[in-house]
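A.B. asks: I would like the atomic coordinates for the input below:
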Amino acid sequence: MTDPGEAGPLGTGVGENGSGTRGDASGDGDAAGTAMEPAAVAELAERVADNVEEVIVGKREAVEHVVVTMLARGHLLVEDVPGVGKTTLAKAVARSIDGSFKRVQFTPDLLPSDVTGVNVFDQSADEFAFQPGPVFANVVLGDEINRAPPKTQSALLEAMEERQVTTDGETRDLPDPFCVIATQNDVEPGQTYELPVAEVDRFTKKIRLGYPDTDEEAEIIGRMAGDHPVEAVEPVATVEDVRRARAAVGGIEATEELRRYVARLAVHTRRHAHLGVSPRGSLALLRAAQARAALDGRAYVIPDDVQAEAPTVFAHRIRSESGGADGAEIVADALERVPVE
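C.D. replies: Alright, predicted model coming up:
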């Protein structure tokens, strides 16, 4: 790990005027004075990860991906076979933060209004009143999101990108912070729907959990023999902690050379795939790299941060000529071929 007091590769963002260039991609209104120091963000992230590991066994890397996504003001898609703990992971993270949590069980008959909310006529008041849907929460779990048709999945597009919901011509802001953690079943293609490309692109990261090894599975069985341990998870951070941590992450230094490196990686994917990484994906990678730097207690981004985050941020956004999703190979090729300048 590079000493925060020294310049890492590509420097710390200090230019000729000595001021440095901020890689702030947040758009948050938090004043810089209220932000945490990177060391405090790292401590908060470790506290949340440790708390989640009281429930999730042997998945530290996956837990860190969730924390990075939240700090990067993004959303997470967890794809895997049934029964490996996707929903439990999302619940444990949500419970570790003292904010509101809602779950949406996606089914073929789910309507968009079941997600966003609907105006209902109140006979006693002789007027329509808005009944907010489950999307109005700090953490929203979209369970098996690909079991609902694309029209219903698309109900999340505005919410995930603009942190707002528009119904009957009226726009309402969503809580801050707002994060969607969606799970996806990948073993029943005949009984599920493919996610729209526009929605996939709104997920900052896509990860898999995988099966546990023998020792891990034995421990899981032991923990689950009685009451489910996720019900006993207590908050270890507040919503205000998350806001301040996000503000700190948004202020992590990223030089122009570093940003150009991210852009060159994205351009490489566009040249070698039918559908490459969008500018939204490039921005997501920069934000994730900022969060990764903060987890290491650094106030600046280095190429290692970008390279660590690129596979989970870029791969799901790429489609080959045949329509397949071989993004991981293209991302690996980009990391190998695109030089750090």
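A.B. asks: which stretches of the stretch 101-250 of the chain form strands?
C.D. replies: Listed in chain order, the strands of the stretch 101-250 of the chain (DSSP state E, counting those that start in this stretch) span residues 101-105, 117-122, 127-132, 139-143, 164-167, 170-173, 179-185, 205-207, 237-238.
A.B. asks: between those, which gets nearest to residue 245?
C.D. replies: Nearest to residue 245, of all the strands of the stretch 101-250 of the chain, is strand 237-238, at 8.2 Å by Cβ to Cβ. No exception for glycine: its C-beta is placed from N, CA and C like everyone else's.
A.B. asks: show me how far that closest one is from its chain's centre.
C.D. replies: 18 Å (Cα atoms, centre = their mean, to the nearest Å).
A.B. asks: which residues are in contact with that strand?
C.D. replies: Outside strand 237-238, the residues within contact range by Cβ atoms under 8 Å, 6 or more residues apart in numbering are 44, 47-48, 96-99.
A.B. asks: then stretch 114-123?
C.D. replies: The list of residues contacting stretch 114-123 from outside it, by Cβ under 8 Å, 6+ apart, reads 104, 127-136, 152, 155-156, 159, 165, 167-168.
A.B. asks: for the worst-scoring helix or strand of the chain on mean pLDDT, list the C-alpha coordinates in PDB.
C.D. replies: Of all the helices and strands that make up the chain, the one with the lowest confidence by mean pLDDT, DSSP states H and E is helix 214-224; it has a mean of 83. Provided in PDB are the C-alpha atoms of helix 214-224 (Å, rounded to 0.1, in the frame of the first residue of the first chain):
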ATOM      1  CA  THR A 214     -16.600 -27.400   3.000                       C
ATOM      2  CA  ASP A 215     -15.600 -25.700   6.200                       C
ATOM      3  CA  GLU A 216     -17.500 -22.500   5.400                       C
ATOM      4  CA  GLU A 217     -20.700 -24.500   4.600                       C
ATOM      5  CA  ALA A 218     -20.400 -26.500   7.800                       C
ATOM      6  CA  GLU A 219     -20.200 -23.200   9.700                       C
ATOM      7  CA  ILE A 220     -23.200 -21.800   7.800                       C
ATOM      8  CA  ILE A 221     -25.200 -24.800   8.700                       C
ATOM      9  CA  GLY A 222     -24.300 -24.400  12.400                       C
ATOM     10  CA  ARG A 223     -25.200 -20.700  12.400                       C
ATOM     11  CA  MET A 224     -28.600 -21.300  10.700                       C
END
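A.B. asks: so for that helix, what gets flagged as buried?
C.D. replies: For helix 214-224, burial by neighbour count (16 or more other Cβ atoms under 10 Å) applies to 220, 223.
A.B. asks: report the buried members of the contacts of stretch 114-123.
C.D. replies: The neighbour-count test (16+ other Cβ under 10 Å) applied to these identifies 104, 133-136, 152, 155-156, 159, 165, 167 as buried.
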